[in-house]
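[1] return atomic coordinates for the entry below.
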Amino acid sequence: MKTRILVVEDEDKLRRVVCLQLESAGYEAVGAGSAEEALRLAGGAGLVLTDMRLPGMDGIDLLKALQRQNARIPVIVMTAFGTVELAVESMKLGAADFLPKPFSLDHLMAVVRKALEVQSLREENVRLKDELGRRYRVDNIIGTGPKMQEILGSVMRVAPARTTVLLCGESGTGKDLIARAVHHQSPRSGQPFVKINCTAIPENLMESELFGYEKGAFTGAAAAKPGKFEQADNGTVFLDEIGDVPPAVQVKLLRILQEREFERLGSNKTRQIDVRVVAATNVDLRRALEEGNFREDLYYRLNVFPLTIPPLRERAEDIPALAEAFLRKLAAESGSPVRQISDEAREKLLGYHWPGNVRELENVMERSLLYAVGETLEPGDIRLDHAPKRAVPNGVENGGGSSLNGGFLKDGESLEEHEQNLIKEALKRAGGNKSQAARLLGLTRNALRYRLSQMGLE
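    Numbers count the residues shown, from 1 in each chain. Okay, here's the model as predicted:
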């Protein structure tokens, strides 16, 4: 369909010339001699080209009225009485451009094309944001079992607040998806969502990447550059693998969480920032805290609203629905004829332990489609990676090599009681010497002191 352009000009000859030029360029042109007539004809217009001086309502009043009718319609203001103040006023009101008279027809067409291109980009941006918002709606996240329903309920509960969220879980469980859902269900959904993979940034570059730098801050810093946090101002920062952040950067993160302020590298100017932080980790932060690799104060600042995403093997009831969703998505992308999964193939998927979680399931479905023949996925099409299951020791896992670091639980003894008994036995053998007891247990002295304080035995 041709783009409809409304030309509002009280001078008949100029209005006809502009309309003819627009029509020769492939647009549909409609003329109006007054603002009042233009308001009646504005429906369906993709662009309005209006004179500033008009009988009755002037161009500024028309611009305001059009903004009330349709805030997205681009308006180009023409006038023979152009001043900087008038141009500024019209642009503040939302005019797409300002065209002083007299103008050449080539200049007119260049301005029109530019305004329509910008409008097209804006509409595409709005459409993509709408699609993104629908994609990360909570009801689009597959999880019918009680564990995932509890997680999704928690997402809806915490999303409207500014509360910091800590996502824990194995790799491939969907922490990224949950983080994006928190953002898109929040009042910040129209603002930036900036993901920072803490393992992908070299330690010597992390501070400058996160907080930016000033010109001359280091060799090669030819110009100032804002960091990831500045890019996410008023939005959400997703710190993936937060456990890999070096201690020096942890201090600055703590300041952002507490004071909402920071300095760029090479600057002493304090900058204020408003971001919501969602962090994720697949390691035990409490263990890192005990071993002195993670700041205790930062841990408690991050651990305001913790969510533990269950591994796929603990929510097997979701496997069929996930497999079906991946099948539809991947078949559409690859042009595969497969439309369904046989009962036997479904049972094969349910019998696997999925060490790579949801990410591995998606990879398996993609690989299986390449082997499939026909419209049904059969058991023989599904090629699984039969890696051995990771054994979980039935004792205190501490990484040491002493005789105290293993053993089995006694009947009726909980894991916590077993751990406490091991620690008490180590202290007894060490004659109360904490350093020696820590060595027997394969712990650091700080880790032992932390566990004693948790037991109330410090």
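
[2] buried residues of stretch 272-280, list them for me.
    Within stretch 272-280, the residues that qualify as buried are Ile273, Val275, Arg276, Val277, Val278, Ala279, Ala280, counting by 16 or more other Cβ atoms under 10 Å. Quick note: C-beta positions are derived from backbone N, CA and C, even for glycine.

[3] ugh, typo on my part, it should be stretch 22-33
    For stretch 22-33, by 16+ other Cβ under 10 Å, it's Leu22, Tyr27, Glu28, Ala29, Val30, Gly31, Ala32, Gly33.

[4] dump those residues to a markdown table, plus distance to Glu263, secondary structure and pLDDT.
    Below are the buried residues of stretch 22-33 laid out as a markdown table (distance: Cβ to Cβ, whole Å; DSSP: H, G, I helix; E, B strand; the rest coil; pLDDT from 0 to 100):
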| residue | distance to Glu263 | secondary structure | pLDDT |
| --- | --- | --- | --- |
| Leu22 | 53 | helix | 92 |
| Tyr27 | 52 | coil | 92 |
| Glu28 | 55 | strand | 91 |
| Ala29 | 55 | strand | 91 |
| Val30 | 56 | strand | 91 |
| Gly31 | 58 | strand | 91 |
| Ala32 | 55 | strand | 91 |
| Gly33 | 59 | coil | 89 |
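
[5] low-confidence ranges in the stretch 1-150 of the chain?
    71, 81-84, 128-139 (pLDDT under 70).

[6] can you check the pLDDT for the residue nearest to Glu362 when sequence neighbours are not counted?
    Using Cβ to Cβ, 6 or more residues apart in numbering and skipping residues adjacent in sequence, the residue nearest Glu362 is Phe326, 5.0 Å away. Per-residue confidence (pLDDT) for Phe326: 92.

[7] hmm, who's touching the helix or strand hosting Phe326?
    Take DSSP states H and E as the rule and Phe326 turns out to sit in helix 319-334. Helix 319-334 has contacts (Cβ atoms under 8 Å, 6 or more residues apart in numbering) with 142, 144, 312, 336-341, 346, 349-350, 354, 358, 361-362, 365-366, 369, 377.

[8] of those residues, select the buried ones using a ChimeraX command.
    Only the buried entries of the contacts of helix 319-334 go into this ChimeraX selection, using 16+ other Cβ under 10 Å:
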select :142,312,336,338,341,346,349,354,358,361,362,365,366,369,377
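
[9] show only the entries of the contacts of helix 319-334 found in strands.
    Among the contacts of helix 319-334, the members falling in strands are Gln340, Ile341, Leu377 (criterion: DSSP state E).

[10] partners of the second one in the sheet?
    Spelled out, it's Ile341. Leu377 (DSSP bridges).

[11] surely it meets Ala372?
    No - Ile341 sits out of contact with Ala372 when judged by Cβ atoms under 8 Å, with a separation of 9.8 Å.

[12] what separation do you get for Val77 and Arg53?
    Counting by Cβ to Cβ, to the nearest Å, the gap between Val77 and Arg53 amounts to 11 Å.

[13] what is in contact with the two at once?
    Gly59.

[14] between these two, point out the one with more neighbours.
    Legend: neighbour count by other Cβ atoms under 10 Å for Val77 and Arg53, higher for Val77 (27 against 13).

[15] what kind of secondary structure is the more buried one in?
    Of the three states, Val77 takes strand under DSSP: H, G, I helix; E, B strand; the rest coil.

[16] from now on call the first residue 15
    Yes, from this point I'll number from 15; that puts the last item at Val91.

[17] so what's it up against?
    Thr64, Met66, Gly73, Leu77, Ala101, Ser104, Ala109, Asp111, Phe112, Leu113.

[18] which of the residues you listed has the most neighbours?
    Neighbour-wise, these (other Cβ under 10 Å) top out at Thr64, 26 neighbours.

[19] roughly how far apart are the spatially closest residue to it that is not a sequence neighbour and Lys189?
    Nearest non-adjacent residue to Thr64, counting by Cβ to Cβ, 6+ apart: Val22, 3.9 Å away. Look at Val22 and Lys189: by Cβ to Cβ, they are 54 Å apart.

[20] phi first, then psi, for Val297.
    phi -120, psi 160 (degrees, to the nearest 10).

[21] confidence score at it?
    For Val297, the pLDDT comes out at 85.

[22] and it, how close does it get to Gln264?
    14 Å.

[23] who has more neighbours, Val22 and Lys189?
    The neighbour count for Val22 versus Lys189, taken as other Cβ under 10 Å, is higher for Val22 (28 against 23).

[24] quick one, helices of the stretch 165-314 of the chain?
    Per DSSP state H, counting those that start in this stretch, the stretch 165-314 of the chain carries helices over the ranges 189-198, 217-225, 242-245, 261-273, 299-304, 310-316.

[25] among those helices, which is nearest Gln205?
    Of all the helices of the stretch 165-314 of the chain, helix 189-198 sits nearest to Gln205, with 8.6 Å by Cβ to Cβ.

[26] which residues are contacting that closest one?
    By Cβ under 8 Å, 6+ apart, helix 189-198 touches 146-147, 150-152, 155, 165-166, 169, 172-173, 179, 181, 183, 203, 207, 209, 249-250, 252, 254, 290, 292, 294, 296, 321, 323.

[27] narrow these to those in strands?
    Val179, Leu181, Phe207, Lys209, Thr250, Phe252, Asp254, Arg290, Val292, Ala294, Leu321.

[28] return the members of the contacts of helix 189-198 classed as buried.
    Applying 16+ other Cβ under 10 Å to the contacts of helix 189-198 flags 147, 150, 152, 155, 165-166, 169, 172-173, 179, 181, 183, 203, 207, 209, 249-250, 252, 254, 290, 292, 294, 296, 321, 323 as buried.

[29] skipping its backbone neighbours, what lies nearest Ser168 in space?
    Closest to Ser168 by Cβ to Cβ, 6+ apart is Leu321, at 5.7 Å.

[30] how far does the lengthiest helix in the chain sit from the chain's center?
    As assigned by DSSP state H, the longest helix anywhere in the chain is helix 119-149. Taking Cα atoms, centre = their mean, to the nearest Å, the mean C-alpha location of helix 119-149 is offset from the chain mean by 24 Å.

[31] any buried residues in that helix, and which?
    Leu122, Val125, Val126, Ala129, Leu130, Gln133, Gly147.

[32] can you list those in TSV and add distance to Ala236?
    What follows is those, written out as TSV (distance: Cβ to Cβ, whole Å):
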residue	distance to Ala236
Leu122	40
Val125	35
Val126	38
Ala129	35
Leu130	37
Gln133	35
Gly147	38
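
[33] got the domain boundaries for the protein?
    Domain ranges of the chain: 18-144, 154-228+240-322, 327-395, 408-472, per automatic domain parsing.

[34] what average pLDDT does stretch 252-260 get?
    91.

[35] I'd say Asp258 and Cys212 touch.
    Yes - the pair Asp258 / Cys212 is scored as a contact, 4.7 Å apart, by Cβ under 8 Å.
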